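Student: Task: produce atomic coordinates for the following.
(4 chains)
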Number of protein chains: 4
Amino acid sequence: MVAFEPKNPDYRAAAMAMFAAQPAMHTLGISIVHLAPGEVELAMLHSAAFTQQNGFVHAGIITAGLDNACGVAAFTLMPREADILTVEFKTTLLAPARGARFVFRAEVVKPGRTLTFCEATAFAEHEGKTTLIASMTGTLMAMLPRAAAPQAPAAIRA
Amino acid sequence: MVAFEPKNPDYRAAAMAMFAAQPAMHTLGISIVHLAPGEVELAMLHSAAFTQQNGFVHAGIITAGLDNACGVAAFTLMPREADILTVEFKTTLLAPARGARFVFRAEVVKPGRTLTFCEATAFAEHEGKTTLIASMTGTLMAMLPRAAAPQAPAAIRA
Amino acid sequence: MVAFEPKNPDYRAAAMAMFAAQPAMHTLGISIVHLAPGEVELAMLHSAAFTQQNGFVHAGIITAGLDNACGVAAFTLMPREADILTVEFKTTLLAPARGARFVFRAEVVKPGRTLTFCEATAFAEHEGKTTLIASMTGTLMAMLPRAAAPQAPAAIRA
Amino acid sequence: MVAFEPKNPDYRAAAMAMFAAQPAMHTLGISIVHLAPGEVELAMLHSAAFTQQNGFVHAGIITAGLDNACGVAAFTLMPREADILTVEFKTTLLAPARGARFVFRAEVVKPGRTLTFCEATAFAEHEGKTTLIASMTGTLMAMLPRAAAPQAPAAIRA
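Tutor: Model (predicted):
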């Protein structure tokens, strides 16, 4: 885990405001429990309303938590004027999402002017035990109002 | 698109029962609008409760629809006694999830005794126009109570 | 399949030159057999040198063909001055890569100024039969020497 | 990183034999430099024959190394009679594959009777500096000649 230097000195307030502006996070009962440059931890209490046919939390809901963790982690390293969107992610479901509480941890693997790559893991807390239940790798994009385009570096790759 | 022969003659009732048993689908307002062996279409009306900071439906909710479409499509081709779980999926977000109604279409690419591979697409209906907003490729697994293990075919690959 | 309008009128020559400049394609024996705006087909003869322990072509070599098909397909829609790089891809291995000849087909799902999304499929030709053996979804990026940055659209999504 | 207990006491010899039986690894110049239960490190010297148009190693070749690292790592935890195949993987390309030597490290995230989940990273050694250039998450499958099928656990998830 590398220490990252945020470009936006108000990254913390900006990330919390972006998170708070998402009705979906409120509806799902997801909140921020840790925030630092390039890393974030979210938590969610179990809700029967979001389960599937076996009583576990639906994979899409777990993905919502993982994706949002990646988005907030990436956003902490973006400039003040940037908006953020998710390009793609892959979720791997390692164990049933059974538990009273769920935690989503994301960290930036590589920040970039245009694209930021993140990894996230989801854990379930069930009967005093914490279990890794899912992982995500995702690509996030900064949308800048007016700035130079991505420059071709001296060496690029197709 | 290949025509598939379901192993379970009651695949239709079984798939609908599995879907109906998921509280998350009810909470998200997702319903089945088309069902055939190896293919399914789900629909969801827009709900402000599941949006992100720009007013679009959250990527995790879109993923829930795509994943469930894959799950039901795969389930239609599984034997009667099988349960199903999602192994992994990748979601690509192609356009903002803006619209009054969303449609999730999935089809089985390759069914298998243990693993079934699916593809799905999500569309937004907005002001009379239908737009492709996301795609998914996913791996689903059949859980069988008692049966022969996957046999090594004559030719396998690492 | 949408018809795409290339920005570079010399897209054909540009794509063929970019392909020809890749020693890896020559070493693997991969060549272009079809090229149109936003779509490409590559072919490769079987070579024992690139097989794994069961005599099938290695998944990484199949991925090289799929990735290159995506790269060329995306490149046909980019402006003249763009360089291209692969951001990420997912490969799903549907059947053993057994055959005398392999075909890699890619098409652009959504082109963009910065990011282009592609899908590709790999087929094996074996004893007169053609089999789908793998699929890919990938994200490609245009690197532009000097141009406006990605503009935040009126509506974006995190 | 969890310590894993191999089911096959001869896992080391078995994994090395499986690796040695792959002509593609020999052709690409990839060798095993570290091997332990559930983890492996491979290395490859730069070869101009496997580069793309900018002189970097082709993404498909990097993927071949990552996939093989995952395969060997997963194989170390499988029973003696198992064969292994790759189900799917996602590769994220973080930096150009420029360097004199490349290293591929994989570890098992979760082993299973049927499916094993791995993560891998690729590094380039260039002018005395080691750079993370790519990452992979992948799903591997054990093919067993004769055994019980995957049992539905008490709780499963779709």
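Student: Is there proximity between the lengthiest strand in chain A and chain D?
Tutor: Scanning chain A for the longest strand, with DSSP state E as the assignment, gives strand A:129-143. Yes. In terms of Cβ under 8 Å from any Cβ of the partner chain, part of strand A:129-143 sits within range of chain D, namely A:132, A:135, A:137, A:139. Using the backbone N, CA and C atoms, a C-beta is placed for each residue, glycine as well.
Student: Cross-check those against chain C and keep the overlap.
Tutor: Those of the residues of strand A:129-143 next to chain D which are also neighbours of chain C are residue A:139, as judged by Cβ under 8 Å from any Cβ.
Student: Quick check on residue A:11: phi, psi?
Tutor: Backbone torsions for residue A:11, taken as degrees, to the nearest 10, come to phi -60, psi -40.
Student: how about it, what does it touch?
Tutor: Under the criterion of Cβ atoms under 8 Å, 6 or more residues apart in numbering or on different chains, the neighbours of residue A:11 are A:37, A:75, A:76, A:77.
Student: Up against chain B, what does chain A have?
Tutor: With the criterion set to Cβ under 8 Å from any Cβ, chain A comes near chain B through A:18, A:21-24, A:27, A:48-54, A:57-61, A:63-68, A:83, A:85-93.
Student: Out of the residues you listed, list just those in helices.
Tutor: Cross-referencing the residues of chain A next to chain B with the helices (criterion: DSSP state H) gives A:18, A:23-24, A:27, A:59-61, A:63-68 as the overlap.
Student: Narrow the residues you listed to just the buried residues.
Tutor: Neighbour-count burial within those applies to A:18, A:23-24, A:27, A:59-61, A:63-68; the criterion is 16 or more other Cβ atoms under 10 Å in any protein chain shown.
Student: which of those residues sit farthest apart?
Tutor: Maximum pairwise distance in these, criterion Cβ to Cβ, is 24.4 Å, between A:18 and A:59.
Student: Where does pLDDT dip in chain A?
Tutor: Within chain A, the segments meeting pLDDT under 70 span A:1-2, A:146-158.
Student: In three-state terms, label residue A:81 for me.
Tutor: Assigned by DSSP: H, G, I helix; E, B strand; the rest coil, the conformation of residue A:81 is coil.
Student: restrict the buried ones among the ones in helices among the residues of chain A next to chain B to contacts with chain C.
Tutor: With respect to chain C, and counting by Cβ under 8 Å from any Cβ, the subset of those in contact is A:18, A:68.
Student: Can you select the buried ones among the residues of strand A:129-143 next to chain D for me in ChimeraX?
Tutor: To isolate the buried members of the residues of strand A:129-143 next to chain D in ChimeraX, using 16+ other Cβ under 10 Å:
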select /A:135,137,139
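Student: I'd like the residues of strand A:129-143 next to chain D written out as JSON lines, with distance to residue B:44 added.
Tutor: As requested, those are exported to JSON lines (distance: Cβ to Cβ, whole Å):
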{"residue": "A:132", "distance to residue B:44": "30"}
{"residue": "A:135", "distance to residue B:44": "26"}
{"residue": "A:137", "distance to residue B:44": "26"}
{"residue": "A:139", "distance to residue B:44": "25"}
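Student: so residue A:46 touches residue A:101, yeah?
Tutor: Yes. A contact is recorded between residue A:46 and residue A:101 when judged using Cβ atoms under 8 Å, the distance being 6.7 Å.
Student: So the two - more neighbours on which side?
Tutor: Counted by other Cβ atoms under 10 Å in any protein chain shown, residue A:46 and residue A:101 do not tie: residue A:46 has more neighbours, with 20 against 13.
Student: Next up, the contacts around that one.
Tutor: With contact taken as Cβ under 8 Å, 6+ apart, residue A:46 is in contact with A:57, A:99, A:100, A:101, A:102.
Student: Looking at these, which are in strands?
Tutor: Those of the contacts of residue A:46 lying in strands (DSSP E): A:101, A:102.
Student: and the contacts of residue A:46, which are buried?
Tutor: Listed as buried from the contacts of residue A:46 are A:57, A:99, A:102; burial here means 16+ other Cβ under 10 Å.
Student: Can you lay out these as a markdown table showing distance to residue B:128?
Tutor: A markdown table is the format used below for the buried ones among the contacts of residue A:46 (distance: Cβ to Cβ, whole Å):
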| residue | distance to residue B:128 |
| --- | --- |
| A:57 | 36 |
| A:99 | 44 |
| A:102 | 39 |
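Student: In JSON lines, list the residues you listed along with distance to chain C.
Tutor: Written out in JSON lines, the entries for those read as follows (distance: Cβ to the nearest Cβ, whole Å):
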{"residue": "A:57", "distance to chain C": "21"}
{"residue": "A:99", "distance to chain C": "26"}
{"residue": "A:102", "distance to chain C": "20"}
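Student: out of the residues you listed, which one sits closest to residue D:128?
Tutor: For these, the residue nearest residue D:128 by Cβ to Cβ is residue A:102; the value is 43.4 Å.
Student: Could you find the closest non-adjacent residue to the closest one?
Tutor: residue A:44 (4.6 Å; Cβ to Cβ, 6 or more residues apart in numbering or on different chains).
Student: residues contacting the one you found?
Tutor: If you count contacts by Cβ under 8 Å, 6+ apart, then residue A:44 has A:28, A:29, A:30, A:31, A:65, A:101, A:102, A:103, A:104 around it.
Student: and if we set it to 6 Å?
Tutor: When the contact criterion is Cβ atoms under 6 Å, 6 or more residues apart in numbering or on different chains, the partners of residue A:44 are A:29, A:30, A:65, A:102.
Student: Nearest to chain B among those residues?
Tutor: Each of those was checked against chain B using Cβ to the nearest Cβ; the closest is residue A:65, at 7.1 Å.
Student: Give the bridge partners for residue A:126, please.
Tutor: Residue A:126 has the following beta-bridge partners by DSSP bridges: residue A:129.
Student: from what I can see it touches residue A:102, true?
Tutor: No. Proximity of residue A:126 to residue A:102 does not meet the contact threshold set by Cβ atoms under 6 Å, at 9.7 Å.
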